[in-house]
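Trainee: Any chance you can model this:
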Amino acid sequence: MSHNWQDVLIPPTATMEQTISVIDKGAMQLALVVDEQQALLGVVTDGDIRRALIRHQDLTTPIADVMNKSPLVANIDTSRNKLLSLMNNQGLGAIPLISDGKIVGLETLQDIIKKPSYDNPVFLMAGGFGTRLRPLTDNCPKPLLKLGDKPILETILNSFINSGFHQFYISTHYMPEAIHNHFGDGSKWGVKIHYVHEQDPLGTGGSLGLLPDDLPDLPIIMMNGDVLTKIDFEQLLNYHNEYSPVCTMCVREEEYKVPYGVVEAEGTRITSLVEKPTHKYFINAGVYVVSRTMIDAVPKNQRVDMTDLIENYIANKNFVAMFPVHEYWLDIGKMVDFYQAQKDVMQGGKFYG
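Mentor: Residues are numbered from 1 along each chain as shown. Next comes the predicted model:
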């Protein structure tokens, strides 16, 4: 996404002459016409200006009379591959990105072609029963519950695709057919999606043992299918590759404020009193980069949780790294979290920044 799209925003009252100046300075061969609430009213290109001049329209003409009032736009979640396909099919150099009727970005062909592509597989855990979200999950697996107009897992998938990942594995157990039917082989998004199925629940790490033996010899990114986050996955992978641990765990700093005065003592002697102290902890964010060594160590169809697996490596003096997450992050484990996630996504709030 262009970092300078705000530089080409103009009001509908701007004249054609003023718009030419904005297009020249923005160097993107277009300007975006918006109202006071940042709703996109139209797009005007260098070609629109030239055609207006051919029609002998004066330079003082309001740009609202020149602009394309029905430009092609895309939702902010549209995948990189889908945007690239739209641009190629329509012969466009840029597409405005929209969320809740407001413009939130501009993807250009030049920028999208420059983005890297990663062959590292992404492993999404989608087999849970979602018992804490019943009755919503009685007839729908939690990863398919919708945030706005898309299931949780599709929002996660799009985040990875937009970062340049194209090889996906999804672990299923509860209502696998529904997940298969929605995502298929991934061709709808221009990526490849494979599935591993847990006949019996294998914990949060056991499905690693079900991954095929012919995986590329690269670290994989593993993520719970109920985590909504804006983690920079490219930075995460680069961080892992720089330090080469057996596993990198994403961690989130959480605070706990003790609601009482805390007494510290040595034997029967009070040494200090601390009024309502705040303690800070790092918690597991449910996102990992896992080395091939660690994957190969998990037997097929053996139940194991990621925490136990990682603790075993730590006990054996292996290097396990942590990657602090400061970006948006929400674990959709309880009903209150699900409603918060809906609010953050649907109202164009925290999730989109």
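Trainee: what's the burial count for residue 85?
Mentor: Close neighbours of residue 85, defined as other Cβ atoms under 10 Å, add up to 13. Heads up, the C-betas are built off the backbone N, CA and C, glycines and all.
Trainee: secondary structure class for it?
Mentor: Per DSSP: H, G, I helix; E, B strand; the rest coil, the secondary structure class of residue 85 is helix.
Trainee: can you tell me which residues contact the closest residue to it other than its chain neighbours?
Mentor: Ranked by Cβ to Cβ, 6 or more residues apart in numbering and with sequence neighbours excluded, the top spatial neighbour of residue 85 is residue 190, at 6.9 Å. In this structure, residue 190 makes contact with 79, 81, 82, 85, 161, 166, judged by Cβ atoms under 8 Å, 6 or more residues apart in numbering.
Trainee: Quick one: the residues you listed as JSON lines, columns for distance to residue 242 and secondary structure too.
Mentor: What follows is those, written out as JSON lines (distance: Cβ to Cβ, whole Å; DSSP: H, G, I helix; E, B strand; the rest coil):
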{"residue": "79", "distance to residue 242": "27", "secondary structure": "coil"}
{"residue": "81", "distance to residue 242": "28", "secondary structure": "helix"}
{"residue": "82", "distance to residue 242": "31", "secondary structure": "helix"}
{"residue": "85", "distance to residue 242": "33", "secondary structure": "helix"}
{"residue": "161", "distance to residue 242": "24", "secondary structure": "helix"}
{"residue": "166", "distance to residue 242": "23", "secondary structure": "coil"}
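Trainee: residue ranges with poor pLDDT in the chain?
Mentor: 1-3, 81, 347-353 (pLDDT under 70).
Trainee: if I pick the residue sitting furthest away from the middle of it, what's in contact with it?
Mentor: Using Cα atoms, centre = their mean, the residue of the chain lying farthest from its centre is residue 268. It sits 53.1 Å away. Contacts for residue 268 (Cβ under 8 Å, 6+ apart) come out as none.
Trainee: Next up, phi/psi of it, please.
Mentor: Backbone dihedrals for residue 268, given as degrees, to the nearest 10, come out at phi -90, psi 0.
Trainee: The one 4 residues further on now?
Mentor: Dihedral angles phi and psi of residue 272 (degrees, to the nearest 10) take the values phi -170, psi 160.
Trainee: That one against residue 264, yeah?
Mentor: Yes. Judged on Cβ atoms under 8 Å, residue 272 makes contact with residue 264 at a distance of 4.7 Å.
Trainee: circling back to that earlier point, what's the spacing between the residue farthest from the centre of the chain and residue 260?
Mentor: For residue 268, the distance to residue 260 (Cβ to Cβ, to the nearest Å) stands at 20 Å.
Trainee: in the sheet, who's paired with residue 75?
Mentor: Residue 75 forms beta bridges with residue 98, as assigned by DSSP bridges.
Trainee: That one - how many residues pack around it?
Mentor: Other residues lying near residue 75 total 15 when counted by other Cβ under 10 Å.
Trainee: Contacts only, for it.
Mentor: Applying Cβ under 8 Å, 6+ apart, we find residue 75 in contact with 97, 98, 99.
Trainee: Which of those residues ranks first by neighbour count?
Mentor: Neighbours here mean other Cβ under 10 Å. Within the contacts of residue 75, the largest count is held by residue 97, at 23 neighbours.
Trainee: Now do the contacts for that one.
Mentor: Here residue 97 is in contact with 1, 73, 74, 75, 76, 78, 103, 104, 105, 106, 107 (criterion: Cβ under 8 Å, 6+ apart).
Trainee: Give the closest residue to residue 280 in space, chain neighbours not counted.
Mentor: Spatial nearest neighbour of residue 280, excluding adjacent residues (Cβ to Cβ, 6+ apart): residue 255 at 5.4 Å.
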